[in-house]
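J.: following is a predicted model, sequence given first.
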Amino acid sequence: MHIADGVLPTKVALACYALSAGCLSLSLRKTRAQDLPKVAVMTSAFFVASLVHVPLGPTSVHLLLPGLVGILLGWSAFLAVFLGLLLQCLLFQFGGLTALGANALMMGLPAWLSGAFFTRFRNSPDRVRILAGAMASGTAVAVAACGLAMLLALGGEDFFGVAKIALAAHVPVVVVEALVTASVLAFVGRVKPELITQGAWKAEWR
Amino acid sequence: MSRASLDAKLLVLLTLAMLSFFADLSANAAEETARRVGTPTEQAGSNAIVHSQAPACTQVLSILQQHQQETSQELRQIKRELARLRASRDKPTLRDVLGGIGYILGIFGAAAFVLSRKRPDGGS
């Protein structure tokens, strides 16, 4: 789900760039020095995730991971998403450079949303937490699909038509993503629970 | 017209036709040379040409067809290879992936380094 070059009108692309620049600066200001290694690892994961193709029926879908990035990074998620998309665009030709702002908004805002949702369940018992994380990351993909439809609607497309197609295409992604997030949360909760429950995370979302 | 001279002329025509085939001349060229040689005995000459050239023509034709088949097969192979290359060109390679991860780690490493120099206590 990347918007290519020349799909959006110039005005929309520029407005998206301005908005995502604002989000990026906010994200940068909220990122603390001791979190940088964690942010770097999650950025790498997000960057590579779009190459992991999951065969599903006749087609294959690839992971997006905005939800997981938001859950584990909080405010820094937008920075991670922006950097990952920039490098994907430069190295893989996924999405255009002029549409980078729009792509960053489309992925970064759902990441923040799912992080904000998950933070309420951060100290819940294991099962509830995993369930909440799975729901949050599944919803993030759906929200991103709606964001795609909204951006394309600004470019003159029919909103509901695009939204329907985008959501239908991403139903498998929602499911796979929820499963991946659940397994990652279960693993991290067992191996290094402070990544989820404590530290920088607590101070970031007030 | 004596029998011996007719035989001799036929022999000449036959060898000419054979020569033209081996020199890989086209059927038209062979016919023309034969016509030029065989003006006095046109009727007999043309008969001889028809008899001697029919197998040669089919042979040339079959060789040409074989050639065409071979080249078209090779062309198909090359086209398939091209399509494969084009498909693989659009796919990111392992080098791209590792390079991207390197970029990310490098950027964050540099940022951490700058922050650590600014605040020697670790930046908290």
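T.: Right, received. Where do you want to start?

J.: show me where pLDDT drops low in the chain?
T.: Because you didn't say which chain, this covers chain A. A:1, A:56-60, A:198-206 (pLDDT under 70).

J.: ah, no, chain B please
T.: In chain B (pLDDT under 70), the answer is B:1-4, B:16-52, B:119-124.

J.: chain A contacts on that one?
T.: B:90, B:92, B:96-97, B:99-101, B:103-105, B:107-109, B:111-112, B:115-116, B:119, B:122-124 (C-beta under 8 Å from any C-beta of the partner chain). Placement of C-beta: from N, CA and C, glycine included.

J.: for chain B, longest helix please?
T.: Taking DSSP state H as the criterion, chain B has its longest helix at helix B:42-90.

J.: any buried residues in the helix or strand following it, and which?
T.: Beyond helix B:42-90 in the direction of the C-terminus, DSSP states H and E gives the next helix or strand as helix B:94-118. Buried residues in helix B:94-118, counted by 16 or more other C-beta atoms under 10 Å in any protein chain shown: B:96, B:97, B:100, B:101, B:103, B:104, B:108, B:111, B:112, B:115.

J.: helices or strands up against helix B:94-118?
T.: On a contact count with 3 or more C-beta pairs under 8 Å, 6 or more residues apart in numbering or on different chains; DSSP states H and E, helix B:94-118 meets helix A:36-49, helix A:77-92.

J.: let me have those in JSON lines, extended by distance to chain B.
T.: Listed next are those as JSON lines, based on distance: least, C-beta to the nearest C-beta, whole Å:
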{"stretch": "helix A:36-49", "distance to chain B": "4"}
{"stretch": "helix A:77-92", "distance to chain B": "4"}
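
J.: out of these, which one sits most buried?
T.: Highest mean neighbour count among the helices and strands packed on helix B:94-118 (mean count of other C-beta atoms under 10 Å in any protein chain shown): helix A:77-92, with a mean of 24.

J.: for the helix or strand following that one, what is the distance to the chain centroid?
T.: Using DSSP H and E, the helix or strand that directly follows helix A:77-92 along the chain is helix A:100-118. Computed by C-alpha atoms, centre = their mean, to the nearest Å, the chain-centroid distance of helix A:100-118 equals 5 Å.

J.: pretty sure residue A:4 is in a helix, no?
T.: No - assigned with DSSP: H, G, I helix; E, B strand; the rest coil, residue A:4 falls outside any helix and is coil.

J.: hang on, the earlier thing: tell me the angle the longest helix of chain B makes with helix A:77-92.
T.: 160 degrees (axes from the mean of the first three to the mean of the last three C-alpha atoms, to 10 degrees).

J.: next, the angle from the helix or strand containing residue A:20 to helix A:100-118.
T.: Using DSSP H and E, residue A:20 sits within helix A:10-30. Interaxial angle, helix A:10-30 versus helix A:100-118 (the same axes, to 10 degrees): 50 degrees.

J.: which helices and strands sit right next to helix A:10-30?
T.: Short answer (3+ C-beta pairs under 8 Å, 6+ apart): helix A:10-30 packs on helix A:77-92, helix A:100-118, helix A:126-154.

J.: ok, now with 6 Å
T.: helix A:77-92, helix A:100-118 (3 or more C-beta pairs under 6 Å, 6 or more residues apart in numbering or on different chains; DSSP states H and E).

J.: so for residue A:168, which of these sits nearest?
T.: helix A:100-118 (17.4 Å; C-beta to C-beta).

J.: name the surrounding residues that touch that closest one.
T.: Helix A:100-118 has contacts (C-beta atoms under 6 Å, 6 or more residues apart in numbering or on different chains) with A:2-3, A:8, A:16-17, A:19-20, A:66-67, A:69-71, A:74, A:77-78, A:81-82, A:85, A:89, A:95, A:132-133, A:136-137, A:140, A:143-144, A:147-148, A:151.

J.: residues near the residue in chain A positioned nearest to chain B, how many?
T.: Per C-beta to the nearest C-beta, residue A:33 is where chain A lies closest to chain B, at 2.9 Å. Per other C-beta atoms under 10 Å in any protein chain shown, the neighbour tally for residue A:33 reads 17.

J.: repeat that for residue B:82.
T.: Residues contacting residue B:82 under the criterion other C-beta under 10 Å number 10.

J.: then residue B:15?
T.: Using other C-beta under 10 Å, residue B:15 is surrounded by 11 other residues.

J.: next one: residue A:138
T.: Counted with other C-beta under 10 Å, residue A:138 comes out at 23.
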